[in-house]
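**Student:** Provide a 3D model corresponding to the input given below.
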Amino acid sequence: MHHVDYLKSYQGWLGRWLLAFDGTQYFHSTEIHCPQCTTRVVTERLHYSHALVAPLIVAPGHSQVIALAPAFITPQDGQEKQDCELRATERWLTRNAQRFPSGAVTVLGDDRYAHQPFCALLTIDQWHFAFTGKPESHAALYQEIELLAKVGGVQQWAERHHKGARREVWQYRYATRVPLRADMHPLYVNWCEVTITDEATGERLYHNAWATDHTLDPTTVHPFGVAARTRWKSENKNNNIPKNYGYHLDLRQLRARPAIPRPGAGHAECFRLPLPHRARTTPCSTCAIRSTAWCAPSWSPAGPSSMICRP
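**Tutor:** Got it, this is the predicted structure:
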């Protein structure tokens, strides 16, 4: 993609590229499990799951996202604690940071990424960040914001923007050099809050706040707000696609060869694999009934072959 200049249209926001990280779970069970499962106890019952961190190149105005190789959240050798989203992302950065030019990437993430050790790790490779910062998890940051607001240290800015026939008011509050956490040696960040309201009705349409290392002033807060908001694409344009459009993953596909329907099985007895499927007019290879039944590829060591029914 780089050699054919496909990435050019994704460049130019907060540096060069916006790289959004988000974790998603792709398997869950209270019975089926393997040594690579993450476990947790809910209401005195053990739950097993598989999850990954999906890195995506995103850009405002693009309905498509570019999905990069994921980082799987799995137990690590020599570690007593369970793996987590942040550790998986750190491993991804260790493997892939050198593929990007220095200072060419801004990382987007939710509140859990606004973690001082992780932000410090990004600065080593001169990567930038814009992470959601919630008051309940960043008490020291918001205490500083509250004190600065009392003495005029929080700047405010407002702009009007048209979205179709609707006129929106974008209100910004931002402050510079505030501590990310209460510490003797805190990481100082810049903070920006965006509130969008409908000018005609006064209805609040959007609200969020971020911690970032990007410079904020009246000329940069709007491009920053537009770019930081594209993190939602990681959920809507990537994670929800396989969840809502039939790309079902099942742990049986990852662990062992699934069972094959017995020869001569009835049409309703045909076993199906939990793979993407469509209505097919191909006759079922097991019961030889031609119909528009839901079908899926049958399993073979070499991969999918013929069609079998999905009742």
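**Student:** assumed Arg112 was part of a helix.
**Tutor:** Yes - assessed with DSSP: H, G, I helix; E, B strand; the rest coil, Arg112 lies in a helix.
**Student:** what is the burial count for it?
**Tutor:** Arg112 has 17 neighbouring residues, counting by other CB atoms under 10 Å. Every residue, glycine included, has its C-beta placed from N, CA and C.
**Student:** now swap in the one 4 residues further on and tell me
**Tutor:** If you count neighbours by other CB under 10 Å, Gln116 ends up with 16.
**Student:** and it, how far from Glu203?
**Tutor:** According to CB to CB, to the nearest Å, Gln116 stands 36 Å off from Glu203.
**Student:** would you mind splitting the protein into its domains for me?
**Tutor:** 6-244, 259-311 (automatic domain parsing).
**Student:** least reliable of those domains by average pLDDT, please.
**Tutor:** Ranked by mean pLDDT, these bottom out at domain 259-311, with a mean of 39.
**Student:** show me where the stretch 101-250 of the chain has strands.
**Tutor:** Using DSSP state E, counting those that start in this stretch, the strands of the stretch 101-250 of the chain run over 105-109, 128-132, 155-163, 166-179, 188-198, 204-212.
**Student:** paired strands for the second one, with orientation please.
**Tutor:** If I follow you right, that is strand 128-132. strand 105-109 (parallel), strand 204-212 (antiparallel) (DSSP bridges).
**Student:** next: the fourth one.
**Tutor:** Based on DSSP bridges, the pairing partners of strand 166-179 within the sheet are strand 155-163 (antiparallel), strand 188-198 (antiparallel).
**Student:** point out the most buried one among the strands paired with strand 128-132.
**Tutor:** Ranked by mean neighbour count, the strands paired with strand 128-132 are led by strand 105-109 with a mean of 25 (mean count of other CB atoms under 10 Å).
**Student:** who's in contact with that strand?
**Tutor:** Residues outside strand 105-109 that contact it (CB atoms under 8 Å, 6 or more residues apart in numbering) are 13-22, 58, 89, 113, 122, 127-132, 214, 227-228, 230-231, 234.
**Student:** how distant is that strand from the center of its chain?
**Tutor:** For strand 105-109, the separation from the chain centroid amounts to 11 Å (computed by CA atoms, centre = their mean, to the nearest Å).
**Student:** CA atoms of it as CSV?
**Tutor:** Provided in CSV are the C-alpha atoms of strand 105-109 (Å, rounded to 0.1, in the frame of the first residue of the first chain):
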residue,chain,number,x,y,z
VAL,A,105,2.3,8.4,14.1
THR,A,106,-0.3,9.6,16.6
VAL,A,107,-1.8,6.7,18.6
LEU,A,108,-5.5,6.9,19.5
GLY,A,109,-7.0,4.9,22.4
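**Student:** mind listing the helices in this structure by residue range?
**Tutor:** In the chain, the helices defined using DSSP state H lie at 85-96, 116-124, 139-150, 221-228, 233, 240-244, 251-255.
**Student:** which of these sits closest to Gln171?
**Tutor:** Between Gln171 and the helices of the chain, the shortest separation by CB to CB is 10.2 Å, and it involves helix 221-228.
**Student:** so which elements touch that closest one?
**Tutor:** strand 105-109, strand 128-132, strand 166-179, strand 188-198, strand 204-212 (3 or more CB pairs under 8 Å, 6 or more residues apart in numbering; DSSP states H and E).
**Student:** so can I have TSV of those strands showing distance to Ala97?
**Tutor:** Listed next are the helices and strands packed on helix 221-228 as TSV, based on distance: least, CB to CB, whole Å:
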stretch	distance to Ala97
strand 105-109	8
strand 128-132	13
strand 166-179	26
strand 188-198	20
strand 204-212	19
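**Student:** got the strands paired with strand 128-132 as JSON lines, with distance to Val65 columns?
**Tutor:** As requested, those are exported to JSON lines (distance: least, CB to CB, whole Å):
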{"stretch": "strand 105-109", "distance to Val65": "12"}
{"stretch": "strand 204-212", "distance to Val65": "19"}
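**Student:** His50 is nearest to which of those strands?
**Tutor:** Of these, nearest to His50 by CB to CB is strand 105-109, at 20.7 Å.
**Student:** out of the strands of the stretch 101-250 of the chain, which is closest to Glu146?
**Tutor:** strand 166-179 (10.4 Å).
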